[in-house]
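Student: coordinates only, sequence not included:
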Ligand SMILES: *[C@@H]1O[C@H](CO)[C@@H](O)[C@H](O)[C@H]1NC(C)=O
Ligand SMILES: *[C@@H]1O[C@H](CO)[C@@H](O)[C@H](O)[C@H]1NC(C)=O
Ligand SMILES: *[C@@H]1O[C@H](CO)[C@@H](O)[C@H](O)[C@H]1NC(C)=O
């Protein structure tokens, strides 16, 4: 309920450009309301109004998907970037439990957008992944919902194109019942009381920018594979496996049948080094007329 009030307030801020009341006043009132919903908000987190109208208007959250994530998270010439990407989902990917964290994230967005940037520090960027719509991306990242992916994207050196800096990634899983906006805001390195450096850095093979799979360009395929596996009903997988194994076994038997000396199979029965061997060995032993027929039976 609270979240819907916040959402409608957010909406009214977005519409404020058309209205008579200046955006600044509307946003100020809205911020006070929003703050009252966040019991533990750090008092030192500034009012976004102080940061100017642009901060309120600019509080855009980029939708991250399988097509744009590599471009967005690449190190750039322009400067260092800090990415805070909220990973959420719906009934299928989050078992319908992400609602509380969603509300906390929505409340934290304007607060994050308003954090003052000190000169020379990195630019703070906000992103969101909806695992319901981006199952492949979430599989490739092995992301669980709700969580925050925090990337520190370094600046490229324009003078030295061979310089390949790494992008430290920290993943914070959010508690579905107790996450607050304050907790999310303090993941930004510039927030007062930030604890992002306490979150262990991830540098394994699944790192979306620096990991081995990303470097070889196969991470997306892995995502497709895991996703396809996850969304295929198990009965279908069983049918395919049994069909494939039959095909395989059939081909193996047929292959053996064509071979000239199948000693490994033939030694057990005295009647036929012949049987699996097919017609040629059988013809070589004219004394056993039944062997050809036996061989045929055995093969079945
Ligand atoms: C998610 O599940 C809840 C409860 O089962 C249901 O009310 C809601 O409509 C579902 N939402 C979607 C998008 O399917
Ligand atoms: C959060 O905001 C998004 C868009 O701004 C909205 O679609 C969503 O319903 C909101 N969620 C909650 C729980 O407030
Ligand atoms: C989430 O928060 C609740 C309430 O604080 C706590 O009881 C629970 O253990 C937490 N869950 C996890 C996975 O940390």
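Tutor: Looks like it arrived, so ask away. All figures in this text were calculated on a predicted structure; none of them were measured in a lab. Ligands and ions are numbered 1, 2, ... in the order given.

Student: which single residue in the stretch 1-150 of the chain comes nearest to ligand 1?
Tutor: residue 91 (3.8 Å; C-beta to the nearest ligand atom). For glycine as for every other residue, the C-beta is placed from the backbone atoms N, C-alpha and C.

Student: ligand 3 contacts on the stretch 51-200 of the chain?
Tutor: 175, 177, 178 (C-beta under 6 Å from any ligand atom).

Student: name the nearest residue to the residue of the stretch 1-150 of the chain closest to ligand 1, sequence neighbours excluded.
Tutor: residue 132 (7.7 Å; C-beta to C-beta, 6 or more residues apart in numbering).

Student: is residue 128 in a helix, a strand, or coil?
Tutor: With DSSP: H, G, I helix; E, B strand; the rest coil as the basis, residue 128 sits in strand.

Student: didn't it look like it was pressed against residue 60?
Tutor: No: Residue 128 is beyond contact range of residue 60, at 10.3 Å (criterion: C-beta atoms under 8 Å).

Student: more neighbours: these two, which one.
Tutor: The residue with more neighbours, out of residue 128 and residue 60, is residue 128; 17 against 11, by other C-beta atoms under 10 Å.

Student: now do the contacts for the more buried one.
Tutor: 61, 62, 63, 64, 85, 86, 87, 88, 105 (C-beta atoms under 8 Å, 6 or more residues apart in numbering).

Student: which of those fall within strands?
Tutor: Within these, residues falling in strands by DSSP state E are 62, 63, 85, 86, 87, 88.

Student: how close does the third one sit to ligand 3?
Tutor: This points to residue 85. 20 Å (C-beta to the nearest ligand atom, to the nearest Å).

Student: list the contacts for that residue?
Tutor: By C-beta under 8 Å, 6+ apart, the neighbours of residue 85 are 64, 126, 127, 128, 129, 148, 149, 150, 151.

Student: same check, this time on the first one
Tutor: With C-beta under 8 Å, 6+ apart as the criterion, the residues that contact residue 62 are 68, 72, 125, 126, 127, 128.

Student: what sits opposite it in the beta ladder?
Tutor: residue 127 (DSSP bridges).

Student: quick revisit: can you pick the most crowded of the contacts of residue 62?
Tutor: Greatest neighbour count in the contacts of residue 62, by other C-beta under 10 Å, goes to residue 127: 22 neighbours.

Student: top helix in this structure by residue count?
Tutor: For the chain, the helix that runs over the most residues, judged by DSSP state H, is helix 234-257.

Student: give me the mean pLDDT for that helix.
Tutor: The pLDDT scores in helix 234-257 average 75.

Student: can we start the residue count at 38 from this point?
Tutor: All set: I'll call the first residue 38, so the last point we hit is now helix 271-294.

Student: in that helix, which residues are buried?
Tutor: Going by neighbour count (16 or more other C-beta atoms under 10 Å), nothing in helix 271-294 comes out as buried.

Student: helix, strand or coil for the residue nearest to residue 194 when sequence neighbours are not counted?
Tutor: Spatial nearest neighbour of residue 194, excluding adjacent residues (C-beta to C-beta, 6+ apart): residue 200 at 4.5 Å. With three-state DSSP as the basis, residue 200 sits in coil.

Student: from residue 163, how far off is residue 200?
Tutor: As judged by C-beta to C-beta, to the nearest Å, residue 200 and residue 163 stand 27 Å apart.

Student: restrict the contacts of residue 165 to those near ligand 2?
Tutor: Those of the contacts of residue 165 which are also neighbours of ligand 2 - as judged by C-beta under 6 Å from any ligand atom - do not exist.

Student: for ChimeraX, what selects the buried ones among those?
Tutor: ChimeraX command restricting the contacts of residue 165 to the buried ones, with burial defined by 16+ other C-beta under 10 Å:
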select :98,101,122,123,124,125,142
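
Student: between the contacts of residue 165, which sits nearest residue 257?
Tutor: residue 101 (13.5 Å; C-beta to C-beta).

Student: and the closest one, what pLDDT?
Tutor: For residue 101, the predicted pLDDT is 91.

Student: kindly report the same for the one 5 residues further on.
Tutor: At residue 106, the model reports a pLDDT of 88.

Student: and it, how many residues sit next to it?
Tutor: Count around residue 106 with other C-beta under 10 Å applied: 24.

Student: measure the residue nearest to residue 167 when sequence neighbours are not counted to residue 166 for me?
Tutor: Once flanking residues are discounted, residue 167 sits nearest to residue 125: 6.0 Å by C-beta to C-beta, 6+ apart. Distance of residue 125 to residue 166, given as C-beta to C-beta: 7 Å.

Student: cheers, nothing more for now.
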